[in-house]
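> fold the stuff below for me.
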Amino acid sequence: MKTMIKLIHNLLTKNSKYTNLGLAMLLMGLDLWSEPDYFFWPPQYAFLMNDNGIDGIAVIVGIGLLVYAGMNIHDNQVAGILLGISAAFVTMITGIEIMHMIFAGQLRMGIPAILGFYMVLNILQIARDRNTKR
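Next up is the predicted model:
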């Protein structure tokens, strides 16, 4: 019971930024995984953009961030890798959504693109604020 309380404390108070980012990455990956034809433009790259392996990266990184937050590890190398992959993935997805808006006229991708931009800013904030002296 004491371990569970410590885990919840780590997730909700000590490392809440990593927990929020982990949940966001996990949900983004699962959402993209559940929609096999989300991206369609340009058509010659649709198979690559909708690949389940790419979506799995977000799921794995999201789970990794949740484990990192729950265990209260404080390993700068692990945090740097997880934050770097998160920033790259979200930037790539946001860029593809913006391309769909501009070139395919899909304005419905505007809100996800704005949220992706906001998420990248949060990732950069977390990376800047983390303690690298440990």
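> quick check: longest helix of this protein.
Longest helix in the chain, counting residues (DSSP state H): helix 76-104.
> mind listing what's buried in that one?
Residues of helix 76-104 classed as buried by neighbour count (16 or more other CB atoms under 10 Å): 79, 82-83, 85-87, 89-90, 93-94, 96-101. The C-beta positions use only the backbone N, C-alpha and C, and glycine is treated the same way.
> between the residues you listed, which is nearest Tyr45?
Distances from Tyr45 to those, taken as CB to CB, are shortest for Ile96 (9.1 Å).
> that closest one contacts Met49, correct?
Yes - assessed by CB atoms under 8 Å, Ile96 is found in contact with Met49 at 6.0 Å.
> need the overlap of contacts for those two.
Here Ile96 and Met49 share the contacting residues Phe39, scored by CB atoms under 8 Å, 6 or more residues apart in numbering.
> what about the helix or strand hosting Gly22, distance to the chain center?
Secondary structure assignment for Gly22, by DSSP states H and E: helix 16-34. Centroid displacement of helix 16-34 relative to its chain, using CA atoms, centre = their mean, to the nearest Å, is 5 Å.
> what is the helix or strand containing Leu115 packed up against?
Secondary structure here is read from DSSP H and E; on that basis Leu115 sits in helix 110-129. Secondary-structure packing of helix 110-129 (3 or more CB pairs under 8 Å, 6 or more residues apart in numbering; DSSP states H and E): helix 16-34, helix 76-104.
> ok, which of those helices comes nearest Leu65?
Closest among those, using CB to CB: helix 16-34, at 3.1 Å.
> the closest one - contacts with which helices or strands?
Helix 16-34 packs on helix 52-71, helix 76-104, helix 110-129, going by 3+ CB pairs under 8 Å, 6+ apart.
> let me see the contact set for the residue nearest to Gly80 when sequence neighbours are not counted.
Leaving aside its chain neighbours, Gly80 sits nearest to Ala127 (7.6 Å; criterion: CB to CB, 6 or more residues apart in numbering). Shown in contact with Ala127 (CB under 8 Å, 6+ apart): Gly80, Leu83, Ala87.
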